[in-house]
Each structure stands twice: as structure tokens, then as C-alpha cells.
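Asks: attaching a predicted model along with its sequence, questions to come.
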Amino acid sequence: VQLVESGGGSAQAGGSLRLSCAARTGTFRSACMGWFRQAPGKQREGVAGISSGREYIRDSVKGRFAISKDNAKNTLYLQMSSLKPEDTAMYYCAADFYVHPSSLLEPGDYDYWGQGTQVTVS
């Protein structure tokens, strides 16, 4: 499984960005996938996860971030709105063949990771 993120960059507070994660896998449709972020000096944390059409969003970004999956394009998205400076981090997408729904936001439950894309909000 290969994952390639794109779409990061700089944004002003209140602005929006959309991250994309292109996946090279024959099992994208059934894969469990998630978005994670890691700020300098902090642990990696789950932002949003999706499995079997169900979405799981971290409380601190609910109402601002949305995760979606386009099976036809083998692409995972993270739409980020009303960005805040505390959203600044390296964002990663991750995938695995199965992740228990209660663990979709747990980094340790994923085996496949992209290289990350930087998001900076000022």
C-alpha cells in the first residue's frame, strides 16, 4: 500500500484547505483510513477516520473538518475549514485492511503511512 498526501500549505486563521491522499492499493474500497497530525514536540494524534462508510472525527475539529473517500479515484480527502493556528502540524494519512471502529483515531493501529504534508495556519 502506497499513500501520497498533497494539498498542504499555508492558510490564514479562518481559512480552508483540502488535503488529498492518493492510495495505490487494490483494496482501497474496503480499507480503513484515517488522517493524523503531529505538531513539533507533540505526539501524533488522530484527526478523522473512515471505515465502511462511517466517519469518526476528533472532538476538537468537529464541525470544522470533514473526511471523505472517493473509491473511484482511490483518494481520501480531509476538508479543513475555519482553520486555527493550533491546527498547524504535519498531516499524515494512514491505511490498514482492518481497524476496529473504536481505534480509528489511534496511530498505532495502522500499518501504512504517507510521507505527510505540512499545514501552517497563521
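Replies: Yep, that arrived. Numbering: from 1, shown residues only.

Asks: measure residue 119 to residue 47 for me?
Replies: Distance, residue 119 to residue 47, using CB to CB, to the nearest Å: 10 Å. In short, each C-beta sits where N, CA and C put it, glycine included.

Asks: helix, strand or coil for the residue nearest to residue 67 when sequence neighbours are not counted?
Replies: Of all residues not flanking residue 67 in the chain, residue 48 sits nearest, at 3.8 Å (CB to CB, 6 or more residues apart in numbering). For residue 48, the assignment made with DSSP: H, G, I helix; E, B strand; the rest coil gives strand.

Asks: residue contacts, residue 48?
Replies: For residue 48, the contacting residues are 34, 35, 55, 56, 57, 58, 61, 65, 66, 67, 78, 105, by CB atoms under 8 Å, 6 or more residues apart in numbering.

Asks: got a quick PyMOL command for the buried subset of these?
Replies: Selection of buried members from the contacts of residue 48 for PyMOL, criterion 16 or more other CB atoms under 10 Å:
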select buried, resi 34+35+56+57+58+61+65+66+67+78+105
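
Asks: out of the contacts of residue 48, who's nearest residue 85?
Replies: residue 61 (13.6 Å; CB to CB).

Asks: what sits against residue 20?
Replies: When contacts are counted by CB under 8 Å, 6+ apart, residue 20 touches 5, 6, 7, 75, 76, 77.

Asks: and residue 121, how many residues sit next to it?
Replies: Summarising burial for residue 121: neighbours were counted as other CB atoms under 10 Å, giving 18.
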